[in-house]
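**Student:** Pasting the sequence and the predicted model now:
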Protein chains: 2
Amino acid sequence: MGELDAPDRDAREDGPSPRRVPLQTVTRLSLYRKILVELHHEGVEHVFSHRLAELAGVHPAQLRRDLSLFGSFGSVSRGYDVFSLSRTIGRLLGTDRVQVVALVGLGNLGRTLLTYRGFEERGFHFGVVFDRDPEKVGRVYAGRRCHPVEEMERVLPEYGARIAVLACGPVGLETVVERLARCGVRAILNFVPRHVAPPPGVHIEDVDISGKLEMLSFLAREDR
Amino acid sequence: MGELDAPDRDAREDGPSPRRVPLQTVTRLSLYRKILVELHHEGVEHVFSHRLAELAGVHPAQLRRDLSLFGSFGSVSRGYDVFSLSRTIGRLLGTDRVQVVALVGLGNLGRTLLTYRGFEERGFHFGVVFDRDPEKVGRVYAGRRCHPVEEMERVLPEYGARIAVLACGPVGLETVVERLARCGVRAILNFVPRHVAPPPGVHIEDVDISGKLEMLSFLAREDR
């Protein structure tokens, strides 16, 4: 009673097949999950779809469509169960367990990312770090010993990392990406302001911070 | 002779009206410009549209459509003039001159951004920095004295900054955004993992790094 749709046990426990979920939906699901985790921390147990949609800045119909992938979680009288829904989305995203991430590059940005708590809070752990600077190799950064990039093939497979973050210099970036791919990495977050064509089966997501500033510069023009 | 389209003097000199350019086009123009600047540094004087499109990872027809906003720059025999096109796009983006940017928050991330050369290279200069931590206020970071957030209304208007970067804590973020808006800031790059509704006439662009990692986590699932 009170369920918006007929409950679907299978969908509840396993969620949708990851092959069936479009990438844009994943981005929104990640946002819903972030909001749900915040609500859970605030002690909120249930949330109505229109409120969750408002917090996420999407149309309520869009949110309901996205969440319908999981079967039904909403009740007419109480809305969605905050904790249960955040866990279910986390399972789909693969963030319900700690994932080891490899970091390449221990300059200012790399060291900042290493100590950025937002990653650990969402289940990402930088388990292994690399640099090619002989001054950095062998030193310990936030508890991780820095390995030389040249030893990636020997060191990285032990950690089973499928995700890597690039915060190194632009020189030889293609080679670093090829090495990561050979070591089993399938997804790369690239902070280096240079685009690299991804090897087959690998996804590279560029974070172009100055590019974003250029867009803002355009938006801040006085004649707009 | 050799021009792909009839030359259009006005379009060449002033570019399109900023009101007429869609935001997604701006993002691509920013990418083209980045590639053109790299080519220019490598000594390349001309580039054909299909090569530029390939480097940018877009369809050649898309690139030609985007650049047609500026009138014609391409020649059949030599392609686009690298330097001239990068300057023209820079004028539209507002990055042809140095722009003062305000930075709020001098934690690890803020200090990293302050020394990130990619910003200066693209014409962005952090001219004024704020923090609310009394330990940081009054100290000098990379040549800038840290001002207290509470004095923003007194200090910021002198600098005429229309762009700000947020790298502070999430507490009181709405207030910081309102203050920036009152001081004339029109575009904000937000690194704080929290969304703030923008005041009227202000654009806020969130950089959600952990959100990107969640998407990559999904892409790196073994069953995909």
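**Tutor:** Received, thanks. Just so it is clear, the structure is predicted and the values come from calculations on it, not from any experiment. Numbering: from 1, shown residues only, chains lettered A, B, ... in the order given.
**Student:** Could you list the paired strands of the top strand by length along chain A along with their orientation?
**Tutor:** Ranked by number of residues, the top strand in chain A under DSSP state E is strand A:124-131. Sheet pairing for strand A:124-131, assigned by DSSP bridges, gives strand A:99-104 (parallel), strand A:144-148 (parallel).
**Student:** Just tell me which of those strands ends up closest to B:L31.
**Tutor:** strand A:99-104 (22.9 Å; CB to CB). Backbone N, C-alpha and C define where each C-beta goes, glycine included.
**Student:** circling back to that earlier point, kindly reformat the strands paired with strand A:124-131 as CSV and extend each row with mean neighbour count.
**Tutor:** Shown next, in CSV, are the strands paired with strand A:124-131 (neighbours: other CB atoms under 10 Å in any protein chain shown):
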stretch, mean neighbour count
strand A:99-104, 24
strand A:144-148, 17
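**Student:** can I get the ones you listed in JSON lines with distance to B:R162?
**Tutor:** Below are the strands paired with strand A:124-131 laid out as JSON lines (distance: least, CB to CB, whole Å):
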{"stretch": "strand A:99-104", "distance to B:R162": "35"}
{"stretch": "strand A:144-148", "distance to B:R162": "40"}
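**Student:** Adding mean pLDDT, write these out as JSON lines.
**Tutor:** JSON lines is the format used below for these (pLDDT from 0 to 100):
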{"stretch": "strand A:99-104", "mean pLDDT": "95"}
{"stretch": "strand A:144-148", "mean pLDDT": "96"}
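**Student:** Grab the longest helix from chain A for me.
**Tutor:** As assigned by DSSP state H, the longest helix anywhere in chain A is helix A:23-41.
**Student:** Flag every buried residue along the longest strand of chain A.
**Tutor:** A:F124, A:F126, A:G127, A:V128, A:V129, A:F130, A:D131 (16 or more other CB atoms under 10 Å in any protein chain shown).
**Student:** Just the closest of the residues you listed to A:G94, please.
**Tutor:** Distances from A:G94 to those, taken by CB to CB, are shortest for A:F124, at 10.2 Å.
**Student:** I'd guessed the closest one sits against B:M215; true?
**Tutor:** No - look at A:F124 against B:M215 with CB atoms under 8 Å: they stay out of range, at 12.0 Å.
**Student:** sorry, back to before: what lies in contact with the longest helix of chain A?
**Tutor:** Helix A:23-41 is contacted by residues A:21, A:47, A:52, A:55-56, A:58, A:62-63, A:66-67, A:69, A:82-83, A:85-86, A:89-90, A:92-93, A:95, B:193, B:208, B:210-211, B:214-215, B:218-219 when judged by CB atoms under 8 Å, 6 or more residues apart in numbering or on different chains.
**Student:** from those residues, which ones fall inside helices?
**Tutor:** A:52, A:55-56, A:62-63, A:66-67, A:82-83, A:85-86, A:89-90, A:92-93, B:210-211, B:214-215, B:218-219.
**Student:** Would you point out the helix or strand in chain A whose mean pLDDT is lowest?
**Tutor:** helix A:9-14 (a mean of 44; mean pLDDT, DSSP states H and E).
**Student:** For A:L156, give me its contacts.
**Tutor:** A:A102, A:V128, A:L180, A:C183, A:G184, A:V185.
**Student:** what secondary structure does it sit in?
**Tutor:** helix (DSSP: H, G, I helix; E, B strand; the rest coil).
**Student:** Can you give me the domain boundaries for chain A?
**Tutor:** A:9-93, A:99-212 (automatic domain parsing).
**Student:** Go through those and find the least confident stretch.
**Tutor:** Looking at these, the lowest mean pLDDT belongs to domain A:9-93 (a mean of 83).
**Student:** where's that one relative to the chain centroid, distance-wise?
**Tutor:** Average the C-alpha atoms of domain A:9-93, do the same for its chain, and the two points are 16 Å apart (CA atoms, centre = their mean, to the nearest Å).
**Student:** how far does stretch A:165-173 stretch from start to finish?
**Tutor:** 12 Å (CA to CA, to the nearest Å).
**Student:** How many residues are close by the closest residue to A:S86 other than its chain neighbours?
**Tutor:** Nearest non-adjacent residue to A:S86, counting by CB to CB, 6 or more residues apart in numbering or on different chains: A:L36, 3.7 Å away. When neighbours are defined as other CB atoms under 10 Å in any protein chain shown, A:L36 has 26 of them.
**Student:** measure A:L36 to A:A56 for me?
**Tutor:** Separation of A:L36 from A:A56 (CB to CB, to the nearest Å) stands at 10 Å.
**Student:** swap in A:G123?
**Tutor:** 20 Å.
**Student:** go on, A:V140?
**Tutor:** Distance from A:V140 to A:A56, by CB to CB: 40 Å.
**Student:** out of the two, which sits in the busier spot?
**Tutor:** A:A56 (19 against 9).
**Student:** Understood, closing this out.
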